[in-house]
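Trainee: Structure of the sequence below:
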Amino acid sequence: MLRKAYSYPSVVLLATLIGVLLLRIGHLWAPTFRDEGIFAYVGQEVLRGYLPFETVFENKGVFLFYQLAGALSLFGFGSVAGVRFLGILWVLVATSCFFYTLKAQYGLRKATWGTALLSFHWSLNGLQGNYYGSEMFSIPLIMVGLYFGWCASRESKWWQAVAAGVFLSLAVWTRLTSATFVLSLGVFLVLFSRQGKIQNTLLYCLGGIAASLPFLALYAIPGKLSLLHEAYFLFSGIQASATSIHGGIWNQLGPLFRVLAENALILLIGVVVVPFTPWWKERADIYWFLHLVAAIFAFSLTGHYLVKQMQQFYPPLCALLGVRLATTLGSSDWKKSVAALLLIVSIGSSLWRNVPPYYRISKGDFSQCDPMLVASEKVSAWIRENTTPEDEVYNWGVEWELYFRSERRSPVRQINTLAIVLTAIAFHQGFPVEKELAAFQDEVYSSLKSRPPRIIITTASIAPSGIEGYDLPPMVAQFVMDHYDFKFKEYELWVFERKP
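Mentor: As a prediction, the model looks like this:
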């Protein structure tokens, strides 16, 4: 009876999805991460009736903000658990598409190994698998698009190519650097479709254009296309030009390799060459290799290189590793023992490093979390309890989660202080953004003067107060000193309230 109800592949996939859920569910109520905070705050602004970018200067995709607005409308206006639950659902979708893509390419056994590797390593704390930034919402859309793209390259059904274009386009409207994956799949369809190469490519492009039209119309009809231009070209261009904010890519390689080594994924990479199979001999290997190249290109475009952005590497890397691992473990020579040892060390060391903090977080012990995030939660709770919903707040810093968790609006559109810092870096590197930098700073000051918020939270110093930290712009610092009283300090957050 059970065998009639469920096929064997479905049982394998169901067990994998349950494992993913168990690895992620414990983080639902952990302190809000910074990017989660600013994206969810834009989602709140959408629920308040504003277009994305209209009241917040950001450069992530419009589709991301409407997804989060939907999650907040269902789970609660300030629910970080709702944001993460939506992220988990997308991860489950991505895992399913990844599994069925590998199954169509290599068979059930290799698909099982590849999906197990992705599900496990993608969900680890050490690689910020509990972090639902734009990567966690764009990668699932990419995986769905890649599944339909592979099907179209084999079967040449028109709707599959269109679907691939639609989902890859939605990924771009979630995270702009997803455009590299659009290009990689387009190259594969042009060169490696078994039939209908031109037809598949044209339909793929048509699906992408069709998915983009509603978002363009959303801004074109009210005459606000300039908001898209400002977000996607000005902000993203400034971000890409300021690559030295964390010392450049070469200074980042050390920390990135350290993270890989800590989770022993570096050991698994050796499985790719034990035995080595040239990637150019199999269509499926070429497919994932192109995807890996796109991930590297997307990573290089971000302007600064963070661990969370490495999540883009995991689908193609785990696909290639899983196939080699399954092949090696099925052999009868010494390579089988080596591969088994690598696998045991990898999983064992990853569990040793990640399970204890995960368990403590799931039990409500947030001592393993960034103390600034814990402080933000406390300050947000204080704001909710001591102000009214009509009161406004402003944060000079990168603690954007304060707006989302306090459920209070900012009078300033330029809440992304990092954008101002990046613009200043780009200016000092010789890029012609002097006018933009002056405009950003003037906008902050004029907005604070015209609509002074009830609460100002800063991680920056107000020179005469003796508070240490990085400096506020002089005009803003003077404004705070003249019009606000210092209330309290929580970790590195200083809270000021407007004078009566």
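Trainee: can we go C-alpha only for contacts and neighbour counts from here?
Mentor: Noted.
Trainee: low-confidence ranges in the stretch 251-400 of the chain?
Mentor: 251-280, 302-307 (pLDDT under 70).
Trainee: Helices along that one, start to end?
Mentor: With helices called from DSSP state H, counting those that start in this stretch, the stretch 251-400 of the chain shows them at 265-269, 283-301, 314-329, 334-362, 371-386.
Trainee: Any chance of JSON lines for these, columns mean neighbour count?
Mentor: Converted to JSON lines, these look like this (neighbours: other C-alpha atoms under 10 Å):
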{"stretch": "helix 265-269", "mean neighbour count": "19"}
{"stretch": "helix 283-301", "mean neighbour count": "20"}
{"stretch": "helix 314-329", "mean neighbour count": "23"}
{"stretch": "helix 334-362", "mean neighbour count": "16"}
{"stretch": "helix 371-386", "mean neighbour count": "18"}
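Trainee: for those, which one sits closest to residue 160?
Mentor: With C-alpha to C-alpha, the closest approach to residue 160 among the helices of the stretch 251-400 of the chain belongs to helix 283-301: 16.4 Å.
Trainee: Just want the angle from the closest one to helix 314-329.
Mentor: Note on geometry: by axes from the mean of the first three to the mean of the last three C-alpha atoms, to 10 degrees, helix 283-301 and helix 314-329 are set 140 degrees apart in direction.
Trainee: Redo the helices of the stretch 251-400 of the chain as CSV? Include distance to residue 21.
Mentor: Below are these laid out as CSV (distance: least, C-alpha to C-alpha, whole Å):
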stretch, distance to residue 21
helix 265-269, 21
helix 283-301, 25
helix 314-329, 18
helix 334-362, 13
helix 371-386, 24
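Trainee: looking at these, which is closest to residue 179?
Mentor: helix 283-301 (8.1 Å).
Trainee: Need phi/psi at the closest residue to residue 47 other than its chain neighbours.
Mentor: Sequence neighbours aside, residue 69 is the residue nearest to residue 47 in space, at 6.1 Å (criterion: C-alpha to C-alpha, 6 or more residues apart in numbering). When read as degrees, to the nearest 10, the backbone of residue 69 gives phi -60, psi -40.
Trainee: Ok, residue 50 next?
Mentor: Here is the backbone geometry of residue 50 (degrees, to the nearest 10): phi -100, psi 150.
Trainee: show me what contacts it?
Mentor: The contact partners of residue 50, by C-alpha atoms under 8 Å, 6 or more residues apart in numbering, come to none.
Trainee: tell me the pLDDT at residue 209?
Mentor: The model reports residue 209 with a pLDDT of 97.
Trainee: residues of the host helix or strand of it that come out buried?
Mentor: Using DSSP states H and E, residue 209 sits within helix 197-220. Neighbour counts over helix 197-220 (16 or more other C-alpha atoms under 10 Å) mark 197, 199-208, 211-212, 215, 219 as buried.
Trainee: I'd like to check what contacts it. Which residues are they?
Mentor: Contacts with helix 197-220, where a contact means C-alpha under 8 Å, 6+ apart, come from 62, 152-153, 156, 158, 161-170, 173, 186, 189-191, 193, 225, 227-228.
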